[in-house]
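> compute the structure for the input listed below.
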Amino acid sequence: MASDFSVGDHVRWNSEAGHVEGVIIEKHTHDVTFKGRTRHCSEDDPQYEIRSDKTDHVAMHKGGALTKTRGPRRDGD
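Purely as a prediction, here's the structure:
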């Protein structure tokens, strides 16, 4: 089973454009329509809506595609 994440967690995932980082804004545990397609979710296999740090684009991924990070990078860090 994939790691369990929570709303507010900062995560990283791989997209067509490379690695992206963002914050989980919603956890889905029941089937949901996202961008016109049904995403199958359950308590044992949730999917997460994540808002990109750089573009505000919202993506949805299963936990297996995500890695927790320490938090958003700031200038000077």
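> is the spatially most central residue of the chain in a bridge, and if so with what?
The structure's the chain has its C-alpha centroid closest to I50; by Cα atoms, centre = their mean the separation is 3.7 Å. Counting by DSSP bridges, I50 forms beta bridges with I24, A59.
> correct me, but it touches I24?
Yes. In this structure I50 lies within contact range of I24 using Cβ atoms under 8 Å: 5.4 Å. (Glycine included, C-beta is placed from N, CA and C.)
> the one helix or strand T33 maps to: partners in the sheet, and parallel or antiparallel?
T33 is located in strand 32-34, with elements delineated by DSSP states H and E. Listed by DSSP bridges, the sheet partners of strand 32-34 and their directions read strand 37-39 (antiparallel).
> which of the residues in the strand it pairs with are buried?
Within strand 37-39, the residues that qualify as buried are R39, counting by 16 or more other Cβ atoms under 10 Å.
> that strand: how far from the chain's middle?
Strand 37-39 has its C-alpha centroid displaced from the chain centroid by 15 Å (Cα atoms, centre = their mean, to the nearest Å).
> what sits up against that strand?
Contacting residues not belonging to strand 37-39 are listed as H28, D31, V32, T33, Q47, M60 [Cβ atoms under 8 Å, 6 or more residues apart in numbering].
> could I get those in TSV, plus columns for neighbour count, distance to H40 and pLDDT?
Formatted as TSV, the contacts of strand 37-39 follow (neighbours: other Cβ atoms under 10 Å; distance: Cβ to Cβ, whole Å; pLDDT from 0 to 100):
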residue	neighbour count	distance to H40	pLDDT
H28	16	10	97
D31	12	5	97
V32	15	9	96
T33	8	11	96
Q47	21	8	97
M60	17	11	96
